[in-house]
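Participant: how would this look folded up:
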Amino acid sequence: MAIVGTLAGAGCDKPSTEVVASPAAQAMRADQVMFGVQQFITQDGIRRGVMNADTAYVFEDSGKIEVRKVKLNLFSETGKSSADLTSKAGTLDTRTQAMIARGNVVLTTADGRKINTEELHYDPNAHRVWSNVTTSMAQNGGPLTGDGFTADDQMRNIQITRPRGRVSGGIKF
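Facilitator: Numbering: from 1, shown residues only. All right, here's what the predicted structure looks like:
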């Protein structure tokens, strides 16, 4: 009995004081910090997207989640993949399910178009994806650059704002 009591007591001496969060994570003042996060984005019970992030900082009072190293898969009404997104960071509004992706944002559509921008907004309730900053899109053999873009969340109708560049067939914008 004395041996069991000694071993049990040895494990309860002091709680660990080892800091496992980086200084940047400690400075966030988040209510929760999570690692290896997966969030399902739904609308009326239908899955519209799946977001994976390396790290998430949850701020309960605002309903916002700041995420790092983001991968987002968007789905059509029928459950088919419509686009994949990667970014360095983002903000998810848990109340509306809207998301803003920031930093080296790459959106690849199901039909192979690739859109690059530094900030991208996604609103599943409005069925809309857009950017108001410089955007480039690789399509039809040539890159297009513009001041932003707007699209439906199915990526069927993508419009580049004030486009510049060339597409196959020699059409110049």
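
Participant: going forward, measure contacts and count neighbours with C-alpha atoms only.
Facilitator: Fine.

Participant: In this protein, where is pLDDT below threshold?
Facilitator: Within the chain, the stretches with pLDDT under 70 are 1-22, 24-28, 140-141, 166-173.

Participant: Quick check, central residue of the chain?
Facilitator: Val70 (4.4 Å; CA atoms, centre = their mean).

Participant: so who does that one touch?
Facilitator: With contacts defined as CA atoms under 8 Å, 6 or more residues apart in numbering, Val70 is in contact with 51-54, 85-90, 101.

Participant: State the distance from it to Met99.
Facilitator: As judged by CA to CA, to the nearest Å, Val70 and Met99 stand 11 Å apart.

Participant: Name the residues contacting each of the two.
Facilitator: Joint contacts of Val70 and Met99 (CA under 8 Å, 6+ apart) are Gly90.

Participant: who touches stretch 122-133?
Facilitator: Stretch 122-133 is contacted by residues 42-43, 48, 96-100, 117-121, 147-154 when judged by CA under 8 Å, 6+ apart.

Participant: Please give the element, helix or strand, for the residue nearest to the centre of the chain.
Facilitator: strand 64-75 (DSSP states H and E).

Participant: All the helices of the protein, in order from the start?
Facilitator: 2-10, 23-27 (DSSP state H).

Participant: one step back: most neighbours of all the contacts of Val70, which one?
Facilitator: Ranked by neighbour count (other CA atoms under 10 Å), the contacts of Val70 have Ala101 at the top, with 29 neighbours.

Participant: Pairing partners for that one in the sheet, please.
Facilitator: Beta-bridge pairing of Ala101 under DSSP bridges involves Gly90, Leu120.

Participant: From Gly165, how far off is it?
Facilitator: 25 Å.

Participant: Next: Arg102.
Facilitator: 24 Å.

Participant: For these two, indicate the residue with more neighbours.
Facilitator: Applying other CA under 10 Å to Arg102 and Gly165 shows that Arg102 carries more neighbours, namely 22 against 15.

Participant: what residues are up against that one?
Facilitator: 87-90, 118-120.

Participant: ranges for the strands of this protein?
Facilitator: 32-43, 46-59, 64-75, 81-93, 99-109, 114-123, 128-131, 135-139, 142-146, 148-152, 158-161, 164-165 (DSSP state E).

Participant: Could you dump those strands into TSV with distance to Pro23 added?
Facilitator: Converted to TSV, these look like this (distance: least, CA to CA, whole Å):
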stretch	distance to Pro23
strand 32-43	13
strand 46-59	14
strand 64-75	15
strand 81-93	18
strand 99-109	21
strand 114-123	25
strand 128-131	31
strand 135-139	33
strand 142-146	38
strand 148-152	35
strand 158-161	40
strand 164-165	43
